[in-house]
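# Sequence and predicted structure, then a few things I'm wondering about:
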Amino acid sequence: MPSTSWEPSRICRRKVSGEEADERSDIFSLGVMVLEVLTGGRPFEGRTSAELVAAILSSPYYLRCDSSDDSSSNSKEVQRQDEVMQRCLAKYRTGRFASGAAMKQELIPSIEHHRSRAQNLYCFTNSS
């Protein structure tokens with residue numbers, strides 16, 4: 001029997017607010033999973049379910065690189081990956097990619113660059 005449980009840290013604003021989910025809701029959830037893989041952490045955290053929901057609804061996050069390579073090309077690539085992830089995790093659906101195909105087109109090149117540079121990326125929120 002399939003599991004009906006869900007991971008609260010991957011739920012988008014629409015779903016948390018009780019609105020109907022759509023493809024852009026899935027883009028948010030996938031974006032959270034991509035960040036978990038890339039950084040080993042979560043973009044939104046809370047000690048309680050209420051804190052987690054509040055973080056999803058309102059806390060910004062930032063993707064940064066923990067690297068000794070502070071060259072401008074490295075900074076630009078991390079900034080580009082952050083921009084892609086910001087579009088995945090936009091608080092409102094209109095700020096997210098319109099489709100999975102559009103997300104893939106932007107996301108795959110940014111991940112490939114990350115993998116080839118072996119950068120240590122991490123997320124932090126305004127409270128970190």
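Nice, thanks for sending it over.
# Determine the three-state secondary structure at Leu63.
strand (DSSP: H, G, I helix; E, B strand; the rest coil).
# can you tell me how far it sits from Arg24?
Going from Leu63 to Arg24 by C-beta to C-beta, to the nearest Å gives 20 Å. The C-beta positions use only the backbone N, C-alpha and C, and glycine is treated the same way.
# And Leu57, by the same measure?
On the measure of C-beta to C-beta, Leu57 and Arg24 end up 16 Å apart.
# Settle it for me: which of those two has more neighbours?
Using other C-beta atoms under 10 Å as the criterion, Leu57 and Arg24 rank with Arg24 on top: 21 against 13.
# Kindly provide the distance from the residue nearest to Ile56 when sequence neighbours are not counted to Val53.
In space, Ile56 comes closest to Phe44 once its chain neighbours are excluded; the distance is 5.0 Å by C-beta to C-beta, 6 or more residues apart in numbering. Phe44 sits 9 Å away from Val53, taking C-beta to C-beta as the criterion.
# More neighbours: which of those two?
Relative neighbour count places Phe44 above the other of Phe44 and Val53, with 24 against 18, counting by other C-beta under 10 Å.
# Touching, that one and Ser59? I think so.
Yes: using C-beta atoms under 8 Å, Phe44 is in contact with Ser59, at 6.2 Å.
# Render the CA-only coordinates of the host helix or strand of Gln105 in PDB, please.
Gln105 belongs to helix 100-117 when assigned by DSSP states H and E. Presented in PDB, the C-alpha positions along helix 100-117 are these (Å, rounded to 0.1, in the frame of the first residue of the first chain):
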ATOM      1  CA  GLY A 100       9.300  21.100 -15.200                       C
ATOM      2  CA  ALA A 101      10.900  21.400 -18.600                       C
ATOM      3  CA  ALA A 102      11.700  25.100 -18.000                       C
ATOM      4  CA  MET A 103      13.200  24.200 -14.600                       C
ATOM      5  CA  LYS A 104      15.300  21.400 -16.100                       C
ATOM      6  CA  GLN A 105      16.700  23.700 -18.800                       C
ATOM      7  CA  GLU A 106      18.100  26.000 -16.100                       C
ATOM      8  CA  LEU A 107      18.800  23.600 -13.300                       C
ATOM      9  CA  ILE A 108      20.800  20.900 -15.100                       C
ATOM     10  CA  PRO A 109      23.600  23.200 -16.300                       C
ATOM     11  CA  SER A 110      23.900  24.800 -12.900                       C
ATOM     12  CA  ILE A 111      24.200  21.400 -11.200                       C
ATOM     13  CA  GLU A 112      26.700  20.200 -13.800                       C
ATOM     14  CA  HIS A 113      28.900  23.200 -13.100                       C
ATOM     15  CA  HIS A 114      28.700  22.600  -9.300                       C
ATOM     16  CA  ARG A 115      29.600  18.900  -9.800                       C
ATOM     17  CA  SER A 116      32.600  19.700 -12.000                       C
ATOM     18  CA  ARG A 117      34.000  22.300  -9.500                       C
END
